[in-house]
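In: sequence and predicted structure are below.
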Amino acid sequence: MKYTFDNSGVSQKQASVVGLPDAELGAEVTFIRTDFKGWMRESFDLLPHQDQQLDIMPADFTFRLANAIADHFEKRTMVQFNKETRANENSDDLKELILFGLDEITFTLTSTPSVLVPELAIFIRYKQNL
């Protein structure tokens, strides 16, 4: 089932993922980590411009975002998500994707790195293109 890419649809998708049995959750998390853009396309009914925006996301940014989301789902926690709504979704206004709480890695000599996974928040907002 594909969900709408809005606050309600993302919330429904997240609830369905964190509620999966362990084996299915593991497969979903692996899909997110290895093919985030494919997971987005399979999970959400994206508009053509949203699909194009996925294509132009830088690889490093996509990698970090995918792993942060997957880390939360592995712990069966949902990600805070808020996407502004607009009357005309096909407008060419500038879109900002703002992330708070990406993973922090701490390394102490003679130990293995530890990863702190803070609460993740994703906000999508629009700036009028002048």
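Out: Okay, I see it.

In: low-confidence stretches in this structure?
Out: Flagging of the chain using pLDDT under 70 yields the residue ranges 87-93, 102-118, 128-130.

In: which stretches of it form strands?
Out: Residue ranges of the strands in the chain, as given by DSSP state E, are 3-4, 44-45, 80-83, 94-100, 104-106, 114-116, 121-127.

In: turn the ones you listed into TSV, columns for distance to Phe36.
Out: In this view, the C-beta of every residue, glycine as well, is placed from N, C-alpha and C. Listed next are the strands of the chain as TSV, based on distance: least, C-beta to C-beta, whole Å:
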stretch	distance to Phe36
strand 3-4	16
strand 44-45	12
strand 80-83	15
strand 94-100	13
strand 104-106	20
strand 114-116	18
strand 121-127	13
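
In: wait, which of those is closest to Gly19?
Out: Shortest separation from Gly19 across the strands of the chain is recorded for strand 3-4, at 14.1 Å, computed as C-beta to C-beta.

In: partner strands of the closest one and their direction?
Out: Strand pairing for strand 3-4, determined by DSSP bridges: strand 44-45 (parallel).

In: residues in contact with the partner strand?
Out: Outside of strand 44-45, the residues that reach it under the criterion C-beta atoms under 8 Å, 6 or more residues apart in numbering are 2-5, 9-10, 13.

In: so which of those residues belong to helices?
Out: Cross-referencing those with the helices (criterion: DSSP state H) gives 9-10, 13 as the overlap.

In: picking that back up, want to throw the strands of the chain into JSON lines with mean neighbour count and distance to Ala23?
Out: Supplementary listing: those in JSON lines, determined by neighbours: other C-beta atoms under 10 Å; distance: least, C-beta to C-beta, whole Å:
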{"stretch": "strand 3-4", "mean neighbour count": "15", "distance to Ala23": "22"}
{"stretch": "strand 44-45", "mean neighbour count": "16", "distance to Ala23": "23"}
{"stretch": "strand 80-83", "mean neighbour count": "16", "distance to Ala23": "26"}
{"stretch": "strand 94-100", "mean neighbour count": "12", "distance to Ala23": "29"}
{"stretch": "strand 104-106", "mean neighbour count": "9", "distance to Ala23": "28"}
{"stretch": "strand 114-116", "mean neighbour count": "10", "distance to Ala23": "24"}
{"stretch": "strand 121-127", "mean neighbour count": "14", "distance to Ala23": "27"}
